[in-house]
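>>> prediction below, plus the sequence it came from.
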Amino acid sequence: MTSTADPDPSDIATSGSLISQFEVDFANRRRHMRVGWAIGTVLFLIVFALTSWIGDFFKVTQVTMQDGSREWRWIISAGIPRLGEFIEQTIPTVRWDTLGADLGNWFWRWKIWLELLFETILIAFMATVLGVIGGFVLSFPASRNLAPNKWALWITRRYLEIARTVPELVWALIFVFCFSVGPMAGVLAIGMHATGALGKLYSEVNENIDMRPLEGVKAAGGSWFDQIRYGAVPQVLPNIISYTLLRFEINVRASSIIGYVGAGGLGQEFRIAMSFQEYTDLSALFVIIFVTVMIIDYGSEKLRHRVIGMEERTS
Amino acid sequence: MNLTQSQIEAARAQVPLAFQAPLPVRIRRYALWTFFITLFCWCLYDFDMSPLRIWEGLGRFGRVLSFMFPPHVWDNWADFAEILNGLGETLAIAFLGTVLGAIFALPLSLLGAKNIIRKSILRLTVRRGFDMIRAFETLILALIFIRAFGLGPLPGILAIAVSEIGTFAKLFSEAIENTSEKPVEGLKASGGSRLQQIRFAVAPQVNPVILSILLYNFESNVRSGTILGIVGAGGIGFLLSDRIAAYKWDEAWSIIFLIIGMVYIIDWLSGLIRSKVIGKWDGAK
């Protein structure tokens, strides 16, 4: 602004009205924002009250007291002692002087669990492979700059959306019916979901690439496949590897519970432990899954950093 | 201009790496591919994924898919109200789970942020705590809460809230760490207390980020809220698994399409709110 360095007499004359104009505008804006906040807060509170009513927050249930009488209690205060009791039941008795025997008791099914853990990781691996193949192939027609035509774009995008919106467990329920109980249903279910999720991520990577290498391949007489193979794939590969490793971590978590509906892996043991009331098994299974997930997360994080480092060195 | 074979040979001799990766890299690459392909084939054998089984399964899957057409339409209000109630419960689970998780996570996230808590021992223990919470699967949490609170949407809400505490606390504290120090220094210079610094210098910077995290996680919780019903924690998943268990595939597909429609609407709405509120915040900066 030059006028601040060299004040014009006319500016000074109008500055009084400018300031008052500013004050009016400021007051207006402030009021506008306050009204917006008020409406937002009221809407939020209405939705909050409505959802907590739907969500049984104000429910009153009967509980059995210590002396056997029944009493009416608010559901939260009735449930919390039960929650404490249940968690206490899952904690095994591990004493220092009988450590080995206690741990042996805690992990008494360790042979079966180890086998199932191995199966869980293999399910995650297979599902990741399926997801990568499906997502990789479909991501090119699903990205706006690479799609061969409009119809291919629309159809692949809708397919990917449906595949990732329907949760893994629902796919698992469907595939357990189709392919019978076992890890195959789990592989297909998680693979289906992973296809949808990875396809979307890959296509977003594809949409951010430099189009000039593709034009070069086209100018040299390359077909659509040649353009993708030699123009697009080298650009997106590091990102794709990084997303794939992330997806593998997610798939390990998913495959550890998918057995709950009979699709293989450790999840079925949760169901068994619940129905046989072997509550200490629950904590043992949790420890097993926790350690496995930690190790896999750590390893894949290291790998991902190396892949990203490779990308930075080459570019 | 056509290259002759001798020109190509000369170029290859000059820059061999442009034509072929060095030997150790190639060996490593082949070894990796062999490992993956062997593992894949072994899995195919171990999981009994024979072509016959795949073929039979695809036949059944085709029959299941054929129930999509014509889609099942609920003709009496009582049945449809049950479905709508399920969808409403799922939304309630996702909404309350997100809100409760955020309410508990916000103060915790301050403890995990580098620029709020300078003592690294406290901060790191808090952060490991977040990781611990996140390691619990929502479904397992739902199973535990069902034991305490009975069947219904309440255990679902609590399961999502607890697992979101870990996620939110981590994301929020990262957002707080990414804020600029300058407004804080300005407030410090004009005599603001530590709380005032957080309220007037840090909060305006992180609020839009937090809102966008909340909206994003709400979207993803709507998706995960649909599966909690499979273990009995209320919502549309309960009705869906019930229909699948009874082989009522036509109704199951209709429910799945309703879920997809609901997710679309929620994504659209949250995009609307995000552009509106965050746009306003960008203007205020």
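Perfect, thanks for sending it.

>>> can you count the residues close to the one residue in the stretch 101-250 of chain B that gets nearest to chain A?
Proximity of the stretch 101-250 of chain B to chain A (C-beta to the nearest C-beta) peaks at B:Ala148, 3.7 Å away. From N, CA and C alone the C-beta is placed, and that goes for glycine too. Residues near B:Ala148, counting by other C-beta atoms under 10 Å in any protein chain shown, number 21.

>>> now it: closest residue in space, sequence neighbours ignored.
A:Leu83 (3.7 Å; C-beta to C-beta, 6 or more residues apart in numbering or on different chains).

>>> mind checking how far the strand or helix carrying the one you found is from the chain centre?
According to DSSP states H and E, A:Leu83 maps onto helix A:75-90. Its chain's C-alpha centre lies 29 Å from the corresponding centre of helix A:75-90 when counted by C-alpha atoms, centre = their mean, to the nearest Å.

>>> could you report the pLDDT at residue 8?
All of this is about chain A. Per-residue pLDDT puts A:Asp8 at 56.

>>> to clarify, I was referring to chain B.
Predicted confidence (pLDDT) for B:Ile8: 82.

>>> now do it: how many residues are near it, please.
Per other C-beta under 10 Å, the neighbour tally for B:Ile8 reads 11.

>>> and the helix or strand it falls within, what does it pack against?
Element membership of B:Ile8 [criterion: DSSP H and E] is helix B:5-14. Helix B:5-14 is packed against helix B:16-19, with contacts defined by 3 or more C-beta pairs under 8 Å, 6 or more residues apart in numbering or on different chains; DSSP states H and E.

>>> next structured bit after the helix it packs on?
Beyond helix B:16-19 toward the C-terminal end (DSSP H and E), the next one is helix B:23-46.

>>> and for the residue nearest to B:Ala148, the neighbour number?
Neighbourhood size, A:Leu83 [other C-beta under 10 Å]: 17.

>>> residue contacts, it?
With contact set as C-beta atoms under 8 Å, 6 or more residues apart in numbering or on different chains, A:Leu83 has these partners: B:144-145, B:147-149.

>>> separate out the buried members of the residues you listed.
Buried members of those, counted by 16 or more other C-beta atoms under 10 Å in any protein chain shown: B:144-145, B:147-149.

>>> nearest residue to the middle of chain A?
Nearest to the mean C-alpha position of chain A, counting by C-alpha atoms, centre = their mean, stands A:Ile250 at 7.1 Å.

>>> and the helix-or-strand element of chain B with minimal mean pLDDT, what does it pack onto?
Each helix and strand of chain B was given a mean pLDDT (mean pLDDT, DSSP states H and E); the minimum falls on helix B:16-19 at a mean of 78. Using 3+ C-beta pairs under 8 Å, 6+ apart, the elements in contact with helix B:16-19 are helix B:5-14.

>>> other residues contacting the helix it packs on?
Helix B:5-14 is touched from outside by B:18-19, with contacts defined as C-beta under 8 Å, 6+ apart.

>>> how far out from the middle of the chain is it?
Put simply, helix B:5-14 sits 52 Å off its chain's centre (C-alpha atoms, centre = their mean).

>>> tell me which residues touch A:Ala267, please.
Quick fix: residue A:267 is Gly, not Ala. Counting by C-beta under 8 Å, 6+ apart, A:Gly267 makes contact with A:120, A:255-261.
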